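Trainee: sequence below, structure please.
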Amino acid sequence: MKDPRPLAGVRVLDLTWVLGGPFAAMQLGDLGAEVIKIEPPGGDYSRTVPPHFFAGDSLFYVSINRNKLSLVLDLKTPDGLRVLHDLVKKSDIFMSAFSPEATRRMKIDYPRLRRVNPRLIVANLVAFDSKGPWRDKPGFDSTVQAMGGVMSLTGEPGGPPQRVGYHVGDQTAGLYLATAILAALLGRQRTGRGQRLEVSLLDCQVAYLAMLAQNYLHSGKVPGPTGNRNPLVPPVGAYRTSDGKWVMISVTTEKFWQGLCRALGHPEWIADPRFATAPARLTHAQALYPLCEDAFGKFTQAEVLAQLDGEEVPASPVQRVDEVLAHPLTRSREMLVSVKHPRGGELRLLGSPMKFSAAPRQRFTAPPSLGQDTEKILSGLLGYSPRRIKALWEARVTRPASTRG
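Mentor: Predicted structure coming up:
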């Protein structure tokens, strides 16, 4: 049966590591591309990140490497480079996160790869820049969050800068990288030629400043952290309930404001001149927030959510990760799935948020063990003989599947 997924038939060589690049490659794999994760003999560093492991691999690695094949290849050797070039001839996309100098030294820079396959799309993920004084500076999620401004916007007013609680720097860059690759694939359909594309971790954080940067460019006022409150639309914020839980509301229209007043048992606020209009509420925000805090504190979380739902006020419980994963909507949307791991039994993974009518059933394979598909790729895809494969193993250019774990 023909694979109905959008990228079925597209082959990706993924030489990235840790998070940003592998996260991008996983999106392509979820969309049906054949993703070959090419790793050095020691494997991707992310396989070793503590504290939790499954079948010998870190759960950090497990979380971002589903729907891939694993090939071990020592690119520091001439034979390893020859194998890579054979793969390039049969592939559509080449992903890496090496510096420009490293790609030239390793002989995997775009001009060389283009000569091997003119239709190849080469996607490079860099920390800051591929030229100038920043080209060799290492960058990581936390340092990019700091330099990109997001830490200055996170936390409570007057408090210290705060790192976002997940890897927003790496994962944002991964999504931009995947988007750019898809655009390059469409461009190739029109021109018949590949191209090189580049995504910078820092650029992605700057782009995400969006209206905050635009407001500064217009007003000259530097934005800062606002905590859980929206400084322009009170009483948007998170409120503690009588059972110690929290509820987040987004009251952005007069309809929602009036519904909130009724839900909290204070319809008199609707006619109060301090709160009757959005500009008035903004002027008197310091009086409004304590009133809302007191009102929420008289309900349990379940009680106030029922009241708010009855008035069609946008509101949600503030959930922990365990609560998110146990939520019926997470299950019904297939955002929690199970796959069979060849060495570890059943493995639970997050699903993909991308749903397609032409491919209603999502397909997931377990993240591969180190070198799990080496022999299959060398013999099946490249047509190497058993003798040649054995010679590559003996020369330590590649290796069979790991038995770790």
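Trainee: OK, contacts around Gly155?
Mentor: Pro161, Gln162, Pro225, Gly227 (Cβ atoms under 8 Å, 6 or more residues apart in numbering). For glycine as for every other residue, the C-beta is placed from the backbone atoms N, C-alpha and C.
Trainee: leaving out the residues flanking it, which one is nearest to the first one?
Mentor: Spatially, and ignoring its direct neighbours in sequence, Pro161 is nearest to Met151 (4.0 Å; Cβ to Cβ, 6 or more residues apart in numbering).
Trainee: burial measure for that neighbour, as a count.
Mentor: If you count neighbours by other Cβ atoms under 10 Å, Met151 ends up with 20.
Trainee: try Glu346
Mentor: By the measure other Cβ under 10 Å, the count of residues near Glu346 is 9.
Trainee: secondary structure class for it?
Mentor: At Glu346 the chain is in strand, as set by DSSP: H, G, I helix; E, B strand; the rest coil.
Trainee: how about it, nearest residue that isn't a chain neighbour?
Mentor: Ser338 (5.4 Å).
Trainee: got the buried residues for the host helix or strand of the one you found?
Mentor: Using DSSP states H and E, Ser338 maps to strand 336-341. For strand 336-341, the neighbour count (16 or more other Cβ atoms under 10 Å) marks Val337, His341 as buried.
Trainee: helices or strands next to that strand in the packing?
Mentor: Where contact means 3 or more Cβ pairs under 8 Å, 6 or more residues apart in numbering; DSSP states H and E, strand 336-341 is packed against strand 345-350.
Trainee: partners of the strand it packs on in the sheet?
Mentor: Looking at strand 345-350 with DSSP bridges, its partner strands are strand 336-341 (antiparallel).
Trainee: which ones are touching Leu125?
Mentor: Shown in contact with Leu125 (Cβ under 8 Å, 6+ apart): 16, 20-21, 24, 95-97, 173, 177, 198-201.
Trainee: what is the nearest of those residues to Arg114?
Mentor: Taking Cβ to Cβ as the measure, Ser96 is the one of the contacts of Leu125 closest to Arg114, at 14.0 Å.
Trainee: assign a three-state SS to Met95, would you?
Mentor: Met95 ends up strand, using three-state DSSP.
Trainee: what's the distance between it and Lys68?
Mentor: As defined by Cβ to Cβ, to the nearest Å, Met95 lies at a distance of 11 Å from Lys68.
Trainee: any common contacting residues for those two?
Mentor: By Cβ under 8 Å, 6+ apart, the residues touching both Met95 and Lys68 are Asp14, Ala25.
Trainee: rewinding a little: list the beta-bridge partners for the residue nearest to Glu346.
Mentor: Using DSSP bridges, the bridge partners assigned to Ser338 are Arg348.
Trainee: so how far is Arg240 from it?
Mentor: 36 Å.
Trainee: cool, and Ala102?
Mentor: Taking Cβ to Cβ, one finds Ala102 at 51 Å from Arg240.
Trainee: for Pro231, same thing?
Mentor: Separation of Pro231 from Arg240 (Cβ to Cβ): 20 Å.
Trainee: contacting residues for the most centrally placed residue in the chain?
Mentor: Closest to where the C-alpha atoms of the chain average out (Cα atoms, centre = their mean) is Gln171, at 3.1 Å. Residues near Gln171 by Cβ under 8 Å, 6+ apart: Leu19, Gly20, Phe23.
Trainee: got a list of what the residue nearest to Pro161 touches?
Mentor: Counting by Cβ under 8 Å, 6+ apart, Met151 has contacts Gln145, Pro161, Gln162, Arg163, Val164.
Trainee: nothing else from me, thank you.
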